[in-house]
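I need the structure of the sequence given here:
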Amino acid sequence: MTATPAASLAGILRKRPTVNSAAGRPVPGHLIPGHPVPGDDDSVAVIAWWSALKRGRAYPAPADLDRGAIGAAWPEAVLLSDGGSGGDIARATRLGGRGAFGNGAVEHSAMLTEFLLAVGRTAIARGAPVEEVRDFPSAGGRAAYRILALPLSAGGDAPDHVLCHLRRA
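Now for the predicted structure:
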């Protein structure tokens, strides 16, 4: 009897648009193998993955993201949407799902939320990935958190979304 290989995040595919030959425009929602979401602890690999998502554009599009795969690989991932008025964040969407939060890995607080929003705003303003680490008070004394913010664009040359990868440092 042949053993079935164990499940792995390496097999999770990301969404990548294919071209609609009639219109010549990308059509989101199709999966292409070979582009798994990188591991949780390798910022260099995450930035390389983000760069590959660009496919010749200035920024990857939010529609290019496989939100389920990202949420599975990065339980504390958040997608921020720019409000379009001076860098205000209009919306934050947790990609890891409700079950991922409160698992003890990240102690959410108002200070941590403001840190996440500030790093997201910086990534939009710079138009480049931003990584920052900061310490916060926690139940056990202090906890360091790392945020890697990756700018995205829904249809132009200017970033209007940010994928934030939040984790303990």
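
any idea which helix is longest in the chain?
helix 110-126 (DSSP state H).

any idea which element A48 lies in?
helix 43-54 (DSSP states H and E).

quick check: mean pLDDT across the helix or strand following the longest helix of the chain?
Next helix or strand after helix 110-126 toward the C-terminus (DSSP H and E): strand 130-138. Average pLDDT, strand 130-138: 94.

Please name every helix or strand in contact with strand 130-138.
Packing partners of strand 130-138 (3 or more Cβ pairs under 8 Å, 6 or more residues apart in numbering; DSSP states H and E): helix 110-126, strand 141-152. Glycine gets a C-beta too; all of them are placed from N, C-alpha and C.

Strand 141-152 and the helix holding A48, what's the angle between them?
Compare the direction of helix 43-54 with that of strand 141-152 by axes from the mean of the first three to the mean of the last three Cα atoms, to 10 degrees and you get 20 degrees.

Report the mean confidence score over helix 43-54.
93.

so how far is that helix from its chain's centroid?
In terms of Cα atoms, centre = their mean, to the nearest Å, the gap separating the centre of helix 43-54 from the centre of its chain is 10 Å.

ok and it relative to strand 130-138, angle-wise?
130 degrees.

Show me the contact partners of helix 43-54.
By Cβ atoms under 8 Å, 6 or more residues apart in numbering, the residues outside helix 43-54 that reach it are 14, 16, 35, 37-39, 60, 64-65, 129, 131, 146, 148, 150, 163, 165.

With stretch 125-138 instead?
Contacts for stretch 125-138 (Cβ under 8 Å, 6+ apart): 43, 47, 50, 58-59, 87, 107, 109, 111-112, 115, 119, 122-123, 142-151, 158-159, 169.

Show me the shaky parts of this structure.
1-35, 85-87, 97-104 (pLDDT under 70).

Find the residue at the geometric middle of it.
In the chain, the centroid-proximal residue (Cα atoms, centre = their mean) is L163; its distance is 3.3 Å.

Relative to D88, how far out is it?
Distance of L163 to D88, computed by Cβ to Cβ, to the nearest Å: 18 Å.

residues making contact with the helix or strand harbouring T93?
When elements are assigned from DSSP H and E, T93 belongs to strand 89-94. Outside strand 89-94, the residues that touch it by Cβ under 8 Å, 6+ apart are 71, 77-84, 100-101, 116-117, 120-121.

most surrounded residue in these?
Counting neighbours by other Cβ atoms under 10 Å, the top entry in the contacts of strand 89-94 is G120, with 28 neighbours.

If anything else comes up later, I'll come back, but that's it for now.
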